[in-house]
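Asker: Could you work out the structure for the sequence below:
(one chain, ligands or ions: 1)
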Amino acid sequence: MDAGPVPQLRRRLLLPLGTMLFLCLYMFYSCAGSCSSYPSSSAAPAQPGVLSQLLLRPQARQQAEDGGAISSFYNGSGSKKLPQAIIIGVKKGGTRALLEFLRVHPDIRAVGAEPHFFDRNYDKGLDWYR
Ligand SMILES: Nc1ncnc2c1ncn2[C@@H]1O[C@H](COP(=O)(O)OS(=O)(=O)O)[C@@H](OP(=O)(O)O)[C@H]1O
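Answerer: Below is the predicted model:
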């Protein structure tokens with residue numbers, strides 16, 4: 001019995017669309033913990049977004065609310081720490097690519113955006129940097 005072209009087309013579309021939906025949801029929930037907010041470039045501390053308020057655990061939300069460059073995203077350790085490594089480079093030197101390669105490693109946590117502590121935010125002190 002022939003199902004006809006329309007149901008066949010629907011069946012062919014259902015698998016890729018379902019897979020895409022699953023991947024999108026997976027990425028969404030994965031990022032909710034580690035990419036809650038980018039540090040603000042202005043003097044005001046980064047405010048946690050609605051998404052982080054809804055999805056982050058209370059401990060992570062508190063870290064996001066504390067402000068600062070490193071703690072403005074959930075680093076999973078439950079404590080505010082200075083970085084153990086710093087990437088320094090000139091503009092267009094490939095530092096973003098290096099960061100993205102390092103970020104793939106499961107033991108490495110990286111801040112979402114460049115904090116520019118030493119050149120732009122040094123006067124805010126180490127408490128901001130944590
Ligand atoms: N491995 C490798 N080899 C050659 N070129 C590379 C490599 N990795 C990054 N890139 C190029 O570096 C440019 C981005 O550098 P940065 O991440 O330092 O840029 S930025 O200054 O922070 O915006 C950017 O160049 P443009 O595309 O011309 O902007 C990247 O393509």
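Asker: For the rest of this, base every contact and every neighbour count on C-alpha atoms.
Answerer: OK.
Asker: In contact with I108: list those residues for me.
Answerer: L102 (Cα atoms under 8 Å, 6 or more residues apart in numbering).
Asker: tell me the pLDDT at it?
Answerer: Predicted confidence (pLDDT) for I108: 91.
Asker: Return the distance of it relative to K81.
Answerer: 13 Å (Cα to Cα, to the nearest Å).
Asker: For the chain, list the residues in contact with the ligand, please.
Answerer: Residues of the chain found near the ligand (Cα under 6 Å from any ligand atom) are 91-97.
Asker: Try it again at 8 Å.
Answerer: 89-98 (Cα under 8 Å from any ligand atom).
Asker: Throw the residues you listed into JSON lines and include neighbour count, thanks.
Answerer: Shown next, in JSON lines, are the residues of the chain next to the ligand (neighbours: other Cα atoms under 10 Å):
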{"residue": "G89", "neighbour count": "10"}
{"residue": "V90", "neighbour count": "7"}
{"residue": "K91", "neighbour count": "8"}
{"residue": "K92", "neighbour count": "7"}
{"residue": "G93", "neighbour count": "10"}
{"residue": "G94", "neighbour count": "10"}
{"residue": "T95", "neighbour count": "14"}
{"residue": "R96", "neighbour count": "15"}
{"residue": "A97", "neighbour count": "10"}
{"residue": "L98", "neighbour count": "11"}
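Asker: Which single one of those is nearest to L9?
Answerer: A97 (40.3 Å; Cα to Cα).
Asker: residues in contact with the closest one?
Answerer: Neighbours of A97 in contact, by Cα under 8 Å, 6+ apart: none.
Asker: what's the pLDDT at it?
Answerer: 93.
Asker: what about it, helix or strand, and which?
Answerer: If you go by DSSP states H and E, A97 is part of helix 95-103.
Asker: Skip ahead from that helix and say which helix or strand is next.
Answerer: helix 125-129.
Asker: before we move on, what SS does the residue nearest to L126 when sequence neighbours are not counted have?
Answerer: Computed as Cα to Cα, 6 or more residues apart in numbering, the closest residue to L126 that is not its neighbour in sequence is L82, at 7.9 Å. Three-state assignment for L82 (DSSP: H, G, I helix; E, B strand; the rest coil): coil.
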